[in-house]
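A.B. asks: What follows is a protein structure lacking sequence information:
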């Protein structure tokens, strides 16, 4: 169980009244036949409407966007998620209540087309891994600009420890969106939605057990398979690249609707253990993450976001036991510095 160290978490238009020749003007209007008055009013209305339309259109920028406030903007993650939910996602009623959490909209996943992950960063990451041969270290990166997976060090499965709680959360939200479960269902001493929050944000293992019981072992295996990931809960094995894939799909809005995407991402901040990737990320980079700690396994799986750029960054490590946790924490922090400097 992940219990080592308490860890701190860190127009109107303006019109005027005509005053001159008012009487003559009224007499002239009064002399016009009614049918002509109807035509005149219709023409004036069309002219006014065309003027307003031209004014709005002139405010559309050259790239097709409208001025701020002209329409509500969905983030990249929320827009993709809403398109997905339109073919079978949940209604707003399936989302957790405001008393459980009111997350900010999911960050946009609009990123530069050209990836900054290249030979220079590859060399930096590989150098850190080579310098720490006493441990099994596996790293996966996905630039959400191109979706390409980059793998370093150990590429086979690790015991995923509590990083797999993200997969369990995604599977339960999927049940909610397909009408097979609810976030407001009583579960243990609270609700399913609150248990997911405790499971992800506080890494609560009792909450994990409750969510897993609701999803079922076969349900989780089938859900992971739908993502192209072979997963056996009894072994709890994932490769760094498989874990990175779940995070990339989540952030890009391809797994859940916008409300549930934002909800889960919000739980991946201000967690009960912020000493690895979050502690080493430079100011200005937002971190959404889930750590894992079990016996000799120490992991951190994250999404790093700066402005419109997002990169998935996962580090799995295996050492002797808890005696080298501090040293491997420093390895993860060092890798975080390299990735932050090279990918942003």
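C.D. replies: Sure thing, it's come through. These numbers were taken from a predicted model, which means no experiment stands behind them. Residues are numbered from 1 along each chain as shown.
A.B. asks: Could you measure from residue 291 over to residue 332?
C.D. replies: 9 Å (C-beta to C-beta, to the nearest Å). No exception for glycine: its C-beta is placed from N, CA and C like everyone else's.
A.B. asks: Overlap of the contact sets of these two?
C.D. replies: 276, 298, 300 (C-beta atoms under 8 Å, 6 or more residues apart in numbering).
A.B. asks: you'd agree residue 153 is up against residue 127?
C.D. replies: No: using C-beta atoms under 8 Å, residue 153 is not in contact with residue 127, being 11.2 Å away.
A.B. asks: more neighbours, the two?
C.D. replies: residue 153 (22 against 12; other C-beta atoms under 10 Å).
A.B. asks: which residues does the nearest residue to residue 135 once chain neighbours are set aside contact?
C.D. replies: In this structure, residue 135 finds its nearest non-sequential neighbour in residue 319, 4.7 Å apart by C-beta to C-beta, 6 or more residues apart in numbering. By C-beta under 8 Å, 6+ apart, residue 319 lies in contact with 134-136, 296, 298, 325, 327-328.
A.B. asks: In helices only, show me those.
C.D. replies: In helices, defined here by DSSP state H, the members of the contacts of residue 319 are 325, 327-328.
A.B. asks: Report the buried members of the residues you listed.
C.D. replies: Among those, those scoring as buried are 325, 328 (criterion: 16 or more other C-beta atoms under 10 Å).
A.B. asks: what about the strands in the stretch 101-250 of the chain?
C.D. replies: Under the criterion DSSP state E, counting those that start in this stretch, strands of the stretch 101-250 of the chain are mapped to 136-143, 149-153, 158-159, 186-187, 190-191, 237-238.
A.B. asks: and among those strands, the most buried is which?
C.D. replies: Most buried of those, by mean neighbour count (mean count of other C-beta atoms under 10 Å): strand 136-143, with a mean of 24.
A.B. asks: I'd like the mean pLDDT over that one, please.
C.D. replies: Strand 136-143 shows a mean pLDDT of 98.
A.B. asks: and it, which strands flank it?
C.D. replies: Its sheet considered, strand 136-143 pairs with strand 149-153 (antiparallel), strand 309-318 (antiparallel) by DSSP bridges.
A.B. asks: Now distance to residue 174 and mean pLDDT too, for these, in TSV please.
C.D. replies: Below are these laid out as TSV (distance: least, C-beta to C-beta, whole Å; pLDDT from 0 to 100):
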stretch	distance to residue 174	mean pLDDT
strand 149-153	22	98
strand 309-318	20	98
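A.B. asks: for those, which one sits closest to residue 217?
C.D. replies: Closest approach to residue 217 among the strands paired with strand 136-143 is made by strand 309-318 (22.5 Å; C-beta to C-beta).
A.B. asks: Check the spacing between residue 307 and residue 286 real quick.
C.D. replies: 10 Å.
A.B. asks: ok, now residue 262?
C.D. replies: Distance of residue 262 to residue 286, given as C-beta to C-beta: 13 Å.
A.B. asks: same thing with residue 338?
C.D. replies: 18 Å.
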